[in-house]
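**Q** sequence first, predicted coordinates after that:
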Amino acid sequence: MKCRFFLLDVNEGRWEGKPCARFWGIDEEGKRILIMAGQITPYFYFLPAAPADRDSMRSRLMQDKKFGMVLDVTVEHRKLLGKDEVVFKVLCSDPALVSSYCKAIPKIVGGQGFDDLRLPVRYMTDCRLTACGWNECEVEPIEIEGVRVDGAYLATALPYSLSHDVPPKVRILAFTTLAVAEKGSAKPEVDPVRAIGVATDSGEVELFRTSADDDLTTLKAFIDYVEKYDPDIIVGFESTRLHWPYLIKRCKQRKEALTMGRDSSEPHSSVFGHVSIIGRANLDLSDLASGIFEVKVKTIENTATFFQLPSSDKVRTVDELNRYSLWTKDEERRGLLENTKLVAKACLVVAQAAIDYPMQLSAITGLPLDQVISAAVGFRVDSYFIRQAHQIGELIPTKNEQPFFTYQGAVVIEPESGTHENVAVLDFTSMYPSLMRKYNLSPDTLVKGDEKVSAGLVYVIPQVGHRFRKEPDGFYRIVLTSLIENREAIKREMENQTSDSTTYKVLKERERAVKMITNACYGYAGWAGARWYVREVAESATALGRETITKTIEKAKLLGMNIIYGDTDSIFVTNDAHKINQLIDWVDSDLGLEIRVERRYVRILFTEAMKRYAGLRTDGGLGFVGLEVVRGDWSDIAREVQEEVLVHVLKDQSTRMAIESVNEMIQRLRRGEVPIAKLTIRKTLTKPIEKYAVRAPHVEVARQMMKEGWDMTLGDKVAYVVRKGSGPLYKRAKPPNRVRLEEVDLEYYVDNQIKPAALRILELLGVDEGRLLA
DNA sequence: AAGGGCGCACTTTTGA
DNA sequence: TCAAAAGTGCGC
């Protein structure tokens, strides 16, 4: 029989002693299914340094005791950077050894290993299966013990992909835990889980509470609930770092099996550091939030607010430092418990609002949903490249430690500071991808060293002098072309849909996903961790970019245009439709690229610095770029003052009102009317605390807190306020909730937060510090 | 463990 | 007192 299934998760397993892939999914009838596939024997490729014959290689490898798991060696034709090669396919009985053999054999025999893929990835690649998409397989039903699905099958042939199409209805469960300690962070070794909040997309919201410090029943209730609801997707906020580890340790303590998986297994940490639950997609929504730059402080309430979700105004992330004092008061304890439910609810609605995009990203890259969310951009591109390479018969390079070089980037044009009216912004569309495609920038077309190739056959890149063959199409060109054509096809498909249909929504997110991968290809080429790392490609892309924008500016000046500013692939000019059209035509005809009017400003204000400006758009909205108002490491009071100044300057065109608003804020601050929350400054710990060379305020605060038993780790945002006193800031910085307003050094906020932020703008209008309150 | 790139502004600490 | 270094977070 044939089984058509939506692929949710894939991992490794064994069937009758043989390694196999396990595909977890949902069939057309909505049944949750498992398919065991044992068709592919784990393998990798090996290209010997010198040509060798198969029989001698086969006997050599199979007789070597170190390689006891080698089953067979066969010969195949593959390509290495476009060049045909005869390679050995080394088949292994144990999938766990593919990676180590792939490295070890070339070391001993001489040569190079390729395609060190894990078995699930091997299947996804060889069969071109679509994660979060529909696939099909010839199967027969089987019985497997301990597996919680509606149907288990054995594949009798290789599975294959059908289409992306619209996902089926999935079951989502959101959860959060609450733990409290009298002193410091809650410790799973001693502090029980006080409550677990759960919300599901069927509308249920539950709170499992612990009484008398005995959380065993709470844990059991949660485990039961998950088993009964049988979610396809489990979400939480900071679940990877906080909630799962806590539950895992509590269960260990209480000797209770945290059987979350569809094979009754417990959560385990997997690639990209995420927590994996077999047969389901376990997602940490903070991974999603980390990709949304508008969300400055990554909390569930801020993320929910970003998605404009109703529950966002009630839910809050309770700071660990406050938790105990809330817990010990009856009234506030109720609030804390209520909030635990609200957090779960908010996680659920955020997941529902946001899930389409990661699903499509998963479908495009081939990474399972849980992995694609936690994987950094480079790994998403890596996955896409692997699939493309395999399709065209290319060998897949192994990841190895690469020496890494920096190179020159883009140009930024010094702005004409001050106010400008009626300004248009011209942007090149996908500048780097376009240039990479146009000049065939790729490792396989790169002419190495001083190899002689006649001038007509190569593109010579300005400034850096790298040469790339015009033909044949390089790997990067093939990949970029596939991405760009894919995107165009999606856009065409969208035209056939009404904009409120489910299909349209899915296509829109798919288009976003393709765009994201397209734009990441340049950065990927320059990333030392990439399988296809080629510094020359990235270096050439930026060199061509510099040439492109420079030439365009020269042409614009010839046309009599006034260049106000430019950065990388954009130029800001006076809005003169005729001249702009002339320039657009010239870019098309002479550079073979596309430039478009991306935005228009009624009024725009440039500081003397690059990358910092603000403007009133023709659509009535204000845009802030690079200024304090968009930076997460300034206090709210500084950001608010600057925003007010900008509103007065850009909208009301009143410098007087701007000055007054600043002075008013200074007075309010001095009168003690500004709450500490607005004086809080947050900075991220960007490295392990012991590696800091300097006593920065946030680092010192983190150190103090760690000493008192609070968990502080790399990536945490540390909040502090500055207290009165003398000496360096780092001695006066304290966590906000340890400080009373009377202790706060208000003058620090006047002199080092409000005034700099306000004067950054006001000074451009000829206002000096003397006009502000002393 | 840490998981595209480089260019730039700006604050605070450091060290002479 | 001053310049350099460290550190953060932005723009594209």
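**A** On my side now, so go ahead. Computed from a prediction, not measured in an experiment: that's the story for all the values here. Numbers count the residues shown, from 1 in each chain, chains lettered A, B, ... in the order given.

**Q** buried residues, stretch A:94-114. List them.
**A** Residues of stretch A:94-114 classed as buried by neighbour count (16 or more other C-beta atoms under 10 Å): A:95, A:97-99, A:101-102, A:105-106, A:109, A:111-114. To be clear about C-beta, it is placed using only N, CA and C from the backbone, and glycine gets the same treatment.

**Q** equivalent analysis for stretch A:195-207, please.
**A** Residues A:195-201, A:206-207 are the ones in stretch A:195-207 that count as buried (16+ other C-beta under 10 Å).

**Q** how about the residues of the stretch 351-500 of chain A near DNA strand C?
**A** A:409-410 (C-beta under 7 Å from any atom of the strand).

**Q** what's the mean pLDDT across whichever strand or helix holds residue A:489?
**A** Assigning secondary structure by DSSP states H and E places residue A:489 in helix A:475-495. Mean pLDDT, computed over helix A:475-495, is 95.

**Q** need phi/psi at whatever residue of the stretch 151-300 of chain A ends up closest to DNA strand B.
**A** Nearest residue of the stretch 151-300 of chain A to DNA strand B, counting by C-beta to the nearest atom of the strand: residue A:273, 2.6 Å away. Dihedral pair for residue A:273: phi 70, psi 10, per degrees, to the nearest 10.

**Q** where along the stretch 501-650 of chain A do the strands fall?
**A** Counting by DSSP state E, counting those that start in this stretch, one finds strands in the stretch 501-650 of chain A at the ranges A:563-567, A:570-574, A:595-606, A:613-617, A:622-625.

**Q** do the same with the stretch 101-250 of chain A
**A** A:111-114, A:134-141, A:151-155, A:160-163, A:172-179, A:193-200, A:205-209, A:233-236.

**Q** select, out of the ones you listed, the one closest to residue A:626.
**A** Nearest to residue A:626 among the strands of the stretch 101-250 of chain A is strand A:233-236 (33.3 Å), distances taken as C-beta to C-beta.

**Q** strands paired with that closest one, and their directions?
**A** Within its sheet, strand A:233-236 is paired with strand A:172-179 (parallel), strand A:281-284 (parallel), according to DSSP bridges.

**Q** and stretch A:495-504, how far from the chain's centre?
**A** Its chain's C-alpha centre and that of stretch A:495-504 lie 27 Å apart, by C-alpha atoms, centre = their mean, to the nearest Å.

**Q** what comes up buried for it?
**A** For stretch A:495-504, burial by neighbour count (16+ other C-beta under 10 Å) applies to residue A:504.

**Q** any idea how far the residue lying closest to residue A:122 once chain neighbours are set aside is from residue A:46?
**A** In space, and not counting its chain neighbours, residue A:122 is closest to residue A:40: 5.9 Å by C-beta to C-beta, 6 or more residues apart in numbering. Distance, residue A:40 to residue A:46, using C-beta to C-beta, to the nearest Å: 17 Å.

**Q** out of the two, which sits in the busier spot?
**A** residue A:46 (24 against 17; other C-beta atoms under 10 Å).

**Q** flag every residue of chain A that's near DNA strand C.
**A** Contacts of chain A with DNA strand C, taken as C-beta under 7 Å from any atom of the strand, map to A:293, A:296, A:409-410, A:567-570, A:611, A:624-626, A:630-633, A:682-687, A:691-694, A:696, A:698-699, A:717.

**Q** re the thing from before, same list (the strands paired with strand A:233-236) but as TSV, adding mean neighbour count.
**A** Converted to TSV, those look like this (neighbours: other C-beta atoms under 10 Å):
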stretch	mean neighbour count
strand A:172-179	26
strand A:281-284	27
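
**Q** turn those into a markdown table, including distance to residue A:531.
**A** Listed next are the strands paired with strand A:233-236 as a markdown table, based on distance: least, C-beta to C-beta, whole Å:
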| stretch | distance to residue A:531 |
| --- | --- |
| strand A:172-179 | 33 |
| strand A:281-284 | 25 |
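
**Q** quick one: closest of those to residue A:738.
**A** With C-beta to C-beta as the measure, strand A:172-179 is the member of the strands paired with strand A:233-236 nearest residue A:738 (21.2 Å).

**Q** distance from the chain centre to the closest one, please.
**A** 22 Å.
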